[in-house]
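**Q** Okay, here's the prediction I keep looking at, along with the sequence it came from:
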Amino acid sequence: MTTPSDVSSTHESRVALGALAPAIALAIAIFLSMAMALAISKPKLASESERATLAPKVGFDSQATLLPLWLEDYRIDRDAFDANIQLQCAAILAGLLLILRRSDTLQFLGNEVPLRWVHVALPAGLLYLWLQFGFLLDDLIEKRIMVATWSNEIANDTDVSVRSLFWDSGFIDGWFLNFVDGSRGNFSGIKPGAPLQSGIFLMALMGCLVAASHAVLFGVAVVGVRRYVLATDRLWTAIYWGAPAVLFAFVALSHQLFVYGGENRNSVQLVVATVTPILLLGILWLSVKVDQAGGHIHSLRRTVSTKGAASFRERASPEKTKHARGAGQPMRIALIGDSLSTSFSARGRLRMALDVRFAWRPNWFVGGPRRRSADTVDASVHGILADELPVTSLHFGTAGAHVLTAPGQSAVLDTLLGVRHLSDQVSDLIYSGFQPRIVCLWIGHNDVDWRSAFGRTRPLALEEDVAHERALAFVERYEREVVRLLGHFAQVSHTPVVLVFGLIHFEAFFEARHEAEAHVTPKKYRHFKTSHRLFESMRPAYRHGMLRLAAKYNEQLQSMCARLSSEGARVHYSDAFSQAPIDKARYLNDIDAWHPSKRGHQLLAELALMALTPYIRDEGFTLTARAPE
């Protein structure tokens, strides 16, 4: 009997093959043929008589009038050329982020932009930039040759003073050193003894830039068709296979026109022809891996790490599997959360940027690495359950995660740092292929920073009506993602239990923080005040509004769960964390007195396990052990 996972695996394999085949075949055929055509062609420059016809028909006396105009015109084109290179670099980065970020929308200036249109607009923009790049480069080369011819024939510029005005110490100088200057003359005015290695380096750099631009151009288009329209219609399947051919042919034609139409024979295009298929192959392979692993490059790391956590179930004896519904089927639990579900703590900016990606475990949900000594006790939810029954846990939480869109929130920066918000984590779970029996949600703590939520217009106090409106917006976004999650699993597998934990008991938290403040030293709680900079609402003057907003969030979450449950959804609310007795400094870490300490994570694990136990039993599992006291 074919299971949904078998079908999913077969489909993913087919997608992986289909993603690479058309682009690779056409890339190799077209670009290698172009490379061979360039390799057997000798560079051809205009003859001396032909160049003489390019020289402006003016006398030497007109130099003072025309030379400044030519120089200004050249510099305008050169500035446009530099701007083009910068835009191509920005577009390459945007394309890579687009390929690595598997989502349906992108937050841009407070609006949600459908990514399927970005997959159309970005290749179009890159194609325009490439054509502009070629025309500008050809124009700059022609103008410098024209001025050099004029200066030699008419101005008798033996000291290269005129030609030196056009030096740019960049790509154009490198082009002349490699492909123009030589036996037919010194058109650039640069001394023949100048290091040729510099020119070669510049040309190799230009070739790699163009190759990266082409690879992203083709890759974004192919990935976009595969992700959004490939499965909808056979016509789109044909377009998927045909679109790369059109793009490749168009770009190859532009290369041919630049080489032969503009008489710009060069070896840079050999670099482009060689590097582009390699980069394209890497981009398409990575996009498939991202789609299979959970929709984001961040998920690749978490998936690998979670395999270690999942293998904890091997410690459970075989006879314990009889308690599960279906012999050998593990208890599968997923967590969506923020920094309180990680080992993150506030530190210096660079350290925090690294910790967002790497300091996520151990925590109250998933403990330390798989390899540990026999006497080490894993006091996390996963570790406790793994001693009693087969269990697989998947952790999606990240530091900095929000439910609502925060002012100044940058999708690019979030992608670079690895921050995954509620909607992103839901997408990661959906695209991961993981089929949990229970999904835990504990997220929203960053949304109680009401001072930062207002951007530059920050009021001194949080008005009641403003707090109510923000709480409604919070729960509306929260409910939308819960419904999306349930809708997905209702179509593909067993609908999981969704357990929504209320936000932490902030009153007890501030009592513990007050105790910690009395013991601040250069070694202990050294980043105590960093929280005031990162989370302004934690300051004593604004704390009251934060407490009130957190209470409203919890009320709205409880109402949401009751409403969805009454409609037949398996959604439940737990106040395990919103009533947690964390009023002692020992439950806060000794770095920032903000995030949980080791003992704090142990306490949270105990409370979470007690909340999870009835739902685990409803799934047919028997728990014989209790959380540690």
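**A** Nice, I can see it.

**Q** who does the helix or strand D77 falls within touch, helix- and strand-wise?
**A** For D77, the host element (DSSP states H and E) is helix 63-100. Here helix 63-100 touches helix 115-153, helix 171-175, helix 196-228, helix 268-293, helix 411-417, going by 3 or more CB pairs under 8 Å, 6 or more residues apart in numbering; DSSP states H and E. (Each C-beta comes from the backbone N, C-alpha and C, glycine too.)

**Q** Tell me which stretches of the stretch 301-450 of the chain form strands.
**A** 331-337, 391-395, 438-442 (DSSP state E, counting those that start in this stretch).

**Q** The last one to strand 391-395, inter-axis angle?
**A** Orientation check (axes from the mean of the first three to the mean of the last three CA atoms, to 10 degrees): strand 438-442 against strand 391-395 gives 30 degrees.

**Q** Dump the strands of the stretch 301-450 of the chain to a markdown table, plus mean neighbour count, mean pLDDT and distance to E479.
**A** What follows is the strands of the stretch 301-450 of the chain, written out as a markdown table (neighbours: other CB atoms under 10 Å; pLDDT from 0 to 100; distance: least, CB to CB, whole Å):
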| stretch | mean neighbour count | mean pLDDT | distance to E479 |
| --- | --- | --- | --- |
| strand 331-337 | 26 | 93 | 14 |
| strand 391-395 | 26 | 89 | 22 |
| strand 438-442 | 25 | 97 | 11 |
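
**Q** To V272, which of the ones you listed lies closest?
**A** Across those, V272 has its closest neighbour in strand 391-395 (41.9 Å, CB to CB).

**Q** If you count contacts, what does that closest one end up packed against?
**A** Short answer (3+ CB pairs under 8 Å, 6+ apart): strand 391-395 packs on helix 297-310, strand 331-337, helix 381-386.

**Q** related to what we said a few turns ago, what's the most buried one of the helices and strands packed on helix 63-100?
**A** helix 171-175 (a mean of 22; mean count of other CB atoms under 10 Å).

**Q** just checking, what packs against that one?
**A** Applying 3+ CB pairs under 8 Å, 6+ apart, one finds that helix 171-175 makes contact with helix 63-100, helix 115-153, helix 196-228.

**Q** pull the CA atoms of that helix into PDB?
**A** Provided in PDB are the C-alpha atoms of helix 171-175 (Å, rounded to 0.1, in the frame of the first residue of the first chain):
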ATOM      1  CA  PHE A 171      37.200  47.400 -15.500                       C
ATOM      2  CA  ILE A 172      37.700  49.600 -18.500                       C
ATOM      3  CA  ASP A 173      41.400  50.100 -17.900                       C
ATOM      4  CA  GLY A 174      41.700  46.300 -17.400                       C
ATOM      5  CA  TRP A 175      39.800  45.700 -20.600                       C
END
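
**Q** returning to what we had before: make JSON lines out of the strands of the stretch 301-450 of the chain and add distance to D291.
**A** Output for the strands of the stretch 301-450 of the chain, formatted as JSON lines (distance: least, CB to CB, whole Å):
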{"stretch": "strand 331-337", "distance to D291": "18"}
{"stretch": "strand 391-395", "distance to D291": "17"}
{"stretch": "strand 438-442", "distance to D291": "21"}
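
**Q** Minimum distance to S423: which of those has it?
**A** That would be strand 331-337 among these, by CB to CB, at 10.2 Å.

**Q** which stretch among the helices and strands packed on helix 171-175 comes nearest A562?
**A** helix 115-153 (34.5 Å).

**Q** now that closest one and helix 63-100, what's the angle there?
**A** 160 degrees.

**Q** how big is the angle separating helix 115-153 from helix 268-293?
**A** Using the same axes, to 10 degrees: helix 115-153 against helix 268-293 is 170 degrees.

**Q** now for helix 115-153, which elements pack on it?
**A** helix 48-54, helix 63-100, strand 105-108, helix 161-164, helix 171-175, helix 196-228, helix 234-256.

**Q** Where among the helices and strands packed on strand 391-395 is average confidence lowest?
**A** Here the lowest mean pLDDT among the helices and strands packed on strand 391-395 goes to helix 297-310, at a mean of 40.

**Q** So what touches the helix or strand containing R617?
**A** For R617, the enclosing helix or strand under DSSP H and E is helix 598-618. Contact partners of helix 598-618, identified using CB atoms under 8 Å, 6 or more residues apart in numbering, comprise 331, 333, 340, 343, 362-365, 379-381, 384-385, 438, 440, 497, 499, 501, 572, 574, 576-577, 580-582, 586-589, 596, 623, 626-629.

**Q** Quick check: nearest residue in space to C208, chain neighbours excluded?
**A** V275 (5.8 Å; CB to CB, 6 or more residues apart in numbering).

**Q** Just to check, that neighbour is in contact with A211?
**A** Yes. Using CB atoms under 8 Å, V275 makes contact with A211 at a distance of 3.7 Å.

**Q** Report the separation between L286 and Q329.
**A** 32 Å (CB to CB, to the nearest Å).

**Q** again with F489
**A** Relative to Q329, and taking CB to CB, F489 is found at 16 Å.

**Q** hang on, the earlier thing: comparing the helices and strands packed on helix 115-153 by mean pLDDT, which bottoms out?
**A** Looking at the helices and strands packed on helix 115-153, the bottom one is helix 48-54 with a mean of 47.

**Q** so where's the stretch 351-500 of the chain shaky on pLDDT?
**A** 368-378, 455-458 (pLDDT under 70).

**Q** okay if I get the helices and strands packed on helix 63-100 as TSV plus distance to L354?
**A** Output for the helices and strands packed on helix 63-100, formatted as TSV (distance: least, CB to CB, whole Å):
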stretch	distance to L354
helix 115-153	28
helix 171-175	35
helix 196-228	26
helix 268-293	21
helix 411-417	9
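
**Q** one step back: between the strands of the stretch 301-450 of the chain, which one is nearest to S432?
**A** strand 391-395 (7.1 Å).

**Q** What is the burial count for M546?
**A** By the measure other CB atoms under 10 Å, the count of residues near M546 is 21.

**Q** Just say helix, strand or coil for it.
**A** Secondary structure assignment for M546 (DSSP: H, G, I helix; E, B strand; the rest coil): helix.

**Q** The closest residue in space to V419 that isn't next to it in sequence: neighbour count?
**A** Excluding its sequence neighbours, the residue lying closest to V419 (CB to CB, 6+ apart) is G400, at 4.2 Å. G400: 20 surrounding residues under other CB under 10 Å.

**Q** my guess is G400 contacts A353, does it?
**A** No. The criterion here is CB under 8 Å, and G400 misses it with A353 at 10.2 Å.

**Q** intersection of neighbour lists for these two?
**A** Counting by CB under 8 Å, 6+ apart, the residues touching both G400 and A353 are L417.

**Q** quick one, what contacts the closest residue in space to E619 that isn't next to it in sequence?
**A** Closest residue to E619 apart from its sequence neighbours, by CB to CB, 6+ apart: R437 at 5.1 Å. The contact partners of R437, taken as CB under 8 Å, 6+ apart, are 331-333, 494, 496-497, 619.
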